[in-house]
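**Student:** Sequence and predicted structure below; questions after.
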Number of protein chains: 2
Amino acid sequence: MHEMFRETQDMEIKTRAPGKIILSGEHAVVHGSTAVAASLDLFTYVSLSFPPHSDNDNTLKLQLKDMSLEFSWPISRIKEALPKSGSLTSLAPVSCSVESSKSIAALVEEQNIPEAKVGLASGVSAFLWLYTSIRGLKPATVVVTSELPLGSGLGSSAAFCVALTAALLAFTDSVSLDVSLRGWLSFGEKELELINKWAFEGEKIIHGKPSGIDNTVSTYGHMISFKSGKLTHMKSTVPLKMLITNTKVGRNTKALVTGVSERTLKHPDAMAFVFSAVDSISKELTTIIQSPAPDNLSVTEKEEKIEHLIDMNQGLLQCMGVCHATIETVLRTTVKYKLASKLTGAGGGGCVLTLLPTLLSRIIIDKVISELESSKFQCFLTGIGGKGVEICFGVSS
Amino acid sequence: MHEMFRETQDMEIKTRAPGKIILSGEHAVVHGSTAVAASLDLFTYVSLSFPPHSDNDNTLKLQLKDMSLEFSWPISRIKEALPKSGSLTSLAPVSCSVESSKSIAALVEEQNIPEAKVGLASGVSAFLWLYTSIRGLKPATVVVTSELPLGSGLGSSAAFCVALTAALLAFTDSVSLDVSLRGWLSFGEKELELINKWAFEGEKIIHGKPSGIDNTVSTYGHMISFKSGKLTHMKSTVPLKMLITNTKVGRNTKALVTGVSERTLKHPDAMAFVFSAVDSISKELTTIIQSPAPDNLSVTEKEEKIEHLIDMNQGLLQCMGVCHATIETVLRTTVKYKLASKLTGAGGGGCVLTLLPTLLSRIIIDKVISELESSKFQCFLTGIGGKGVEICFGVSS
C-alpha cells in the first residue's frame, strides 16, 4: 500500500515540526560543556497544496497566517532569477551559493516586507531556496502557522525549515509513505536524515552559522545532549511538563556570547570551574532523564533533582553575566510558588523555563500564569521530549 | 612615659572595635574554599568608668545605650554566684566552664531581659564572663554603643567582645599604653593577640562554635583570607568603599549551612566545581586587593575586576541555594545603577554588599540609598579594610 504521494492528486499535505528548548548548558556549551535540549509540544505547521490542473494560476505563494502576510512570485519570475531550479539530479542537500543567494535576495526584496517584519526576510529566503531546490519550478500554495514565538530561542526558524522540507520531500522519490493512513504519521530514519540535512541548509540562510541543534531536535524530537559538536539522541523516561515564559525582550545573542567569552578571558580559573559545574549538571540531567521510572514517588524524586539542577544552572548563568531584569522578574514570580526556573537560550531577555511537577495542581499553574501574564509576559504550557516532524495527508478543501 | 592605666584614677576609657564583612567565599569556606573578610569602618564602642573612691556604689553596671537597657549586679551578688572571680594568676584566656556558665545564666536571668530582646542574654553572659575573669569583683559602669546592626552577619557580637576585652585588659599589667596621648590609639602585637583570644572566649559563649574570623578581623582590622581554618592577614592597597544593605530579614544560619551540605551530597560533582570556582574568585580577590595601585586608572580597573568577582560569587551563592527574595530586591535595585552586589554572610536574608567605585558620584549613591531605604532596608556607607581595635583615654565627666 506504500505509494508515492503524487502532486497530480488534488490533495493537501500538512507537516508539523516542534520547537526546541535548551534544558541546560547554554553558553557553557561554547566553552566545551555538555548541553541538553528537548523538543517542545509546540509546533510550526506547513500546509502544501497545488492548484487543480484546470487552474491557470502559475504562481508560488507563501502565506504566513499568524502575521496575515502573503508573498507570491510568478513561476516565470523565479525561473528568470533562478534558472537552474529543479535541475538537481539527486536530493542530496546543497548549500545556497553566493550567486543564488543574490538572486533570492532580489526575489525577496520585490515582496516589500513591512518595515516592522524585516527580520522575516531571511526566513523567506530560506523558503525560496528549499522550495526551488527540492520542488523546482512548480506552482503551489504554502501556508505556515506556528505555535512558537519568533526569535525567542524556541527554534521557530528550525521548525519552519524542518516542516517545510518534510512537506516538499513528501513529493519526491526520497519519501515513501502510506497516503491512505490518516492522522499524524512519522517518517523513517533515512527520510528524517534527509529532512534534517536540508533543514540545516535553510537554517544556514537564516542564522549564518547555526549549531544544528535546533533542526536536529525539531526533526527527531525527544531530547539530545551535545558537547563539542557531538550530538547524542536520548529519550526521556520522565514525562516532563514545562511552563515557558517569553519575556518578549529581544536579545543580541552574539553580544551575550562575546560577553561570556570576555569574562572567561579575564577570570579563566573561576570560569573554567563554572563551565565544569554546568557540564556536571547536564550529565546528571541526562542520567536522571533516561533512568527507568517505576512509580510515582520516583517521578517526584526525579523532578526534585531536576529542579535543583535547574536552580543551580540558573545561578551559574548569572555567574556568566547573561541575566536580565525581566528574567529576574519571572524567577521572582515562580519562586514564590516554590517552582524552579532558569533562562533558556542566550539569556539577556528571551525565554525562561519553569518545571511544573506532576503533582502540582492546575490551580497553582493558573495562578502563576495569570501573574506572569499580568506582567505582560507570554506563557506557554507544554510537554517536552515528544515527537519530531510528522506528516498528515488530506483532501484539500 | 608609658605607664599602666590605674583604676584608681578618676578617668574613663573608651575602646572601639570594628565589624566585619565577608567579601567572598561564605558557605564555600565550609567545603574547603578560600574566603575573604574585611573590617568595616563601623564600630562598637565600649566605655568603662569607675565610681570615685568616695562613692559607695558597689555595683557592676552594663548599659546598652542603643536599646536603652541597663543591667546591674551588686558586686556581692556576683561574688556569691562566681566566688572564684578575679583569682586568675595569669591573663591567659580561659574558657567558661559548665559550672560558671550555669552561675552566669542565673545572674543574667535575674535581670529580666525584655521578651523581644531575649537574644541579648548570651551577649550579657559573655560580658559577665569576660568582666569577672579579667577584672574580678570590682565595681564599674560599662556603656556600650554600636554602629553595627545586631545579628545581621556584620560581626556585632565579636566587635562587642573585642572592645570590651580591650577596655578590661587596659587595666592590667598585660597592656602598657601611654595614657597621656589623646585620640584613638592602637595596641601592640602581643596585646592584640591577648585581646583576640579573650574575645574568642566571649564569642564561644555567644555562638557556641565560632570560626574565630569575626573576632580576628575586629581585633586586627584590615583583611584576612581564610581556608580550612588557616587565617592569613593582608592589607588592601585599594581603598574600597561599600554600601551595606541590611534586609532586616532574620536568618537561620545553621539551616542555610545544612541546606548547602544537602545539595552537595545530592549533586557532589557539580557542587565541587562550584566551590572550586568560589575558591578561584577569593584567590583572585586577594591578589587584586594586595597588588600595588600606582594610578587612578588602575584603581578603576581593579574595581571593575572586583565587581565581576562580586557578581560571579553572587551567582554561585544562588547556585548553592542560599538566596532570598529580599536579597533579590536589593540586587535588582543596585543593578539598575550598574553596581555589583552580593549577599554577605549566611544569606537567606541578612546583608547585601555593593561595591561603590571611587568615581561613582555622590548623587548616584544617594539615589541608590534612598531607593533601598524606601523598601524599608537599612543602608550603611562604609570603607572597608581599616584599623582594628583601638583605645582612647579621657577624664570622665
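**Tutor:** Structure's in. What do you need?
**Student:** Distance check, residue A:265 against chain B.
**Tutor:** According to C-beta to the nearest C-beta, to the nearest Å, residue A:265 and chain B sit 11 Å apart. Yep, even glycine has a C-beta here, placed from its N, CA and C like the rest.
**Student:** That residue: neighbour count?
**Tutor:** Burial of residue A:265 is recorded as 9 neighbouring residues (other C-beta atoms under 10 Å in any protein chain shown).
**Student:** Quick check: it is in a helix.
**Tutor:** Yes: counting by DSSP: H, G, I helix; E, B strand; the rest coil, residue A:265 is part of a helix.
**Student:** tell me the contacts of it?
**Tutor:** Residues near residue A:265 by C-beta atoms under 8 Å, 6 or more residues apart in numbering or on different chains: none.
**Student:** Could you rerun that using 10 Å?
**Tutor:** residue A:271 (C-beta atoms under 10 Å, 6 or more residues apart in numbering or on different chains).
**Student:** okay, now residue A:91: neighbour count?
**Tutor:** The number of residues near residue A:91, taken as other C-beta under 10 Å, comes to 17.
**Student:** can you check residue A:334 too?
**Tutor:** A total of 22 residues lie near residue A:334 under the criterion other C-beta under 10 Å.
**Student:** and the one helix or strand it maps to, which residues are buried?
**Tutor:** Per DSSP states H and E: residue A:334 is located in helix A:325-336. Of all the residues in helix A:325-336, those buried under the rule 16 or more other C-beta atoms under 10 Å in any protein chain shown are A:326-331, A:333-335.
**Student:** cool, and stretch A:83-101?
**Tutor:** Buried residues in stretch A:83-101 (16+ other C-beta under 10 Å): A:85-86, A:91, A:93, A:96, A:100.
**Student:** Stretch A:103-111 too?
**Tutor:** Neighbour counts over stretch A:103-111 (16+ other C-beta under 10 Å) mark A:103-105, A:107-108, A:111 as buried.
**Student:** will you turn the residues you listed into a markdown table that also has pLDDT and distance to chain B?
**Tutor:** Output for the buried residues of stretch A:103-111, formatted as a markdown table (pLDDT from 0 to 100; distance: C-beta to the nearest C-beta, whole Å):
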| residue | pLDDT | distance to chain B |
| --- | --- | --- |
| A:103 | 94 | 47 |
| A:104 | 95 | 43 |
| A:105 | 93 | 40 |
| A:107 | 95 | 45 |
| A:108 | 94 | 40 |
| A:111 | 92 | 42 |
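**Student:** May I ask which two of those are separated the most?
**Tutor:** Of all pairs drawn from the buried residues of stretch A:103-111, the greatest distance, 13.9 Å, lies between A:103 and A:111 (C-beta to C-beta).
**Student:** List the residues that are in contact with both of the two.
**Tutor:** With C-beta under 10 Å, 6+ apart, residue A:103 and residue A:111 have no common neighbours.
**Student:** before we move on, the earlier item: return the subset of the buried residues of stretch A:83-101 lying in helices.
**Tutor:** Counting by DSSP state H, the buried residues of stretch A:83-101 place residue A:100 in helices.
**Student:** Tabulate the buried residues of stretch A:83-101 (a markdown table), appending distance to chain B.
**Tutor:** Below are the buried residues of stretch A:83-101 laid out as a markdown table (distance: C-beta to the nearest C-beta, whole Å):
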| residue | distance to chain B |
| --- | --- |
| A:85 | 51 |
| A:86 | 53 |
| A:91 | 44 |
| A:93 | 39 |
| A:96 | 41 |
| A:100 | 45 |
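**Student:** Please render the buried residues of stretch A:83-101 as a markdown table that adds pLDDT to the earlier fields.
**Tutor:** Listed next are the buried residues of stretch A:83-101 as a markdown table, based on pLDDT from 0 to 100:
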| residue | pLDDT |
| --- | --- |
| A:85 | 86 |
| A:86 | 78 |
| A:91 | 84 |
| A:93 | 91 |
| A:96 | 92 |
| A:100 | 93 |
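**Student:** Find the nearest non-adjacent residue to residue A:286, please.
**Tutor:** Nearest residue to residue A:286, sequence neighbours excluded (C-beta to C-beta, 6 or more residues apart in numbering or on different chains): residue A:225, at 5.0 Å.
**Student:** quick check, that neighbour in a strand?
**Tutor:** Yes: assignment of residue A:225 by three-state DSSP places it within a strand.
**Student:** Share the number of residues neighbouring it, please.
**Tutor:** As a burial measure, residue A:225 scores 23 neighbours (other C-beta under 10 Å).
**Student:** I'd say it and residue A:289 touch.
**Tutor:** Yes: counting by C-beta atoms under 10 Å, residue A:225 does reach residue A:289; the two are 9.1 Å apart.
**Student:** Next one: residue A:100 from residue A:89, what distance?
**Tutor:** 17 Å (C-beta to C-beta, to the nearest Å).
**Student:** swap in residue A:381?
**Tutor:** Distance of residue A:381 to residue A:89, given as C-beta to C-beta: 47 Å.
**Student:** now swap in residue A:370 and tell me
**Tutor:** 57 Å.
**Student:** Over to residue A:362?
**Tutor:** Residue A:362 is 55 Å from residue A:89, by C-beta to C-beta.
**Student:** Show me which residues of stretch A:143-157 are buried.
**Tutor:** By 16+ other C-beta under 10 Å, the buried positions in stretch A:143-157 come out as A:143-150, A:152-157.
**Student:** Sorry, slip of the keys, the one I care about is stretch A:244-263.
**Tutor:** A:244-247, A:251, A:253, A:256-257, A:259-260, A:263.
**Student:** Please list which of those residues are also close to chain B.
**Tutor:** residue A:263 (C-beta under 10 Å from any C-beta of the partner chain).
**Student:** And the pLDDT at residue A:383?
**Tutor:** Residue A:383 is assigned 97 on the pLDDT scale.
**Student:** Validate this expectation: it resides in a strand.
**Tutor:** Yes: under three-state DSSP, residue A:383 falls within a strand.
**Student:** was I right about it contacting residue A:221?
**Tutor:** No: in this structure residue A:383 lies outside contact range of residue A:221 using C-beta under 10 Å: 11.1 Å.
**Student:** ok, the two, which is more surrounded?
**Tutor:** residue A:221 (26 against 16).
**Student:** ok, now how distant is the more buried one from chain B?
**Tutor:** As judged by C-beta to the nearest C-beta, residue A:221 and chain B stand 28 Å apart.
**Student:** ok, that residue - contacts?
**Tutor:** When contacts are counted by C-beta under 10 Å, 6+ apart, residue A:221 touches A:17-18, A:20, A:38-41, A:186, A:192, A:233, A:235, A:384-390.
**Student:** taking these one by one, which sit in helices?
**Tutor:** Filtering the contacts of residue A:221 for helices - DSSP H - leaves residue A:192.
**Student:** The buried residues of stretch A:244-263 into JSON lines, with extra columns for secondary structure and pLDDT?
**Tutor:** Shown next, in JSON lines, are the buried residues of stretch A:244-263 (DSSP: H, G, I helix; E, B strand; the rest coil; pLDDT from 0 to 100):
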{"residue": "A:244", "secondary structure": "strand", "pLDDT": "97"}
{"residue": "A:245", "secondary structure": "strand", "pLDDT": "97"}
{"residue": "A:246", "secondary structure": "strand", "pLDDT": "95"}
{"residue": "A:247", "secondary structure": "coil", "pLDDT": "93"}
{"residue": "A:251", "secondary structure": "coil", "pLDDT": "76"}
{"residue": "A:253", "secondary structure": "helix", "pLDDT": "84"}
{"residue": "A:256", "secondary structure": "helix", "pLDDT": "91"}
{"residue": "A:257", "secondary structure": "helix", "pLDDT": "91"}
{"residue": "A:259", "secondary structure": "helix", "pLDDT": "93"}
{"residue": "A:260", "secondary structure": "helix", "pLDDT": "95"}
{"residue": "A:263", "secondary structure": "helix", "pLDDT": "95"}
